[in-house]
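Enquirer: Return a 3D structure for these sequence lines:
(one chain, ligands or ions: 1)
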Amino acid sequence: MARTSHKAELPSKICLTCGLPFNWRKKWAREWENVRYCSDRCRRSKSSTAVSSAAKKNPIIFTPDVDAS
Ligand SMILES: [Zn+2]
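Expert: Residues are numbered from 1 along each chain as shown. Purely as a prediction, here's the structure:
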């Protein structure tokens, strides 16, 4: 009787935000194909990075130098 138990063989992915590997979790069983971030925190921070949100709020900061000579 050969009983195979590969408990440790869970699939894993690399988080797009923090770049760290994370393992399959039961809560992702149905959407594992679509999971790209290790946590809700990383998922949220992908669309609202400090730079892009600042650019949207304060576009004036990014005005180019005007040569008024
Ligand atoms: Zn992450």
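Enquirer: which regions of the chain lie under the pLDDT threshold?
Expert: Along the chain, the parts satisfying pLDDT under 70 run over 5-8, 47-64, 68-69.
Enquirer: near the ion, which residues of it show up?
Expert: Residues of the chain lying close to the ion by Cβ under 5 Å from the ion are C15, T17, C18, C38, C42. C-beta: built from backbone N, CA, C; applies to glycine.
Enquirer: What's the local residue count around the third one?
Expert: This means C18. Residues within reach of C18, counting by other Cβ atoms under 10 Å, total 14.
Enquirer: Please tell me I have it right and it contacts K46.
Expert: No. Taking contacts as Cβ atoms under 8 Å, C18 lies outside contact range of K46: 10.1 Å.
Enquirer: most neighbours, which of the residues of the chain next to the ion?
Expert: Neighbour-wise, the residues of the chain next to the ion (other Cβ under 10 Å) top out at C38, 21 neighbours.
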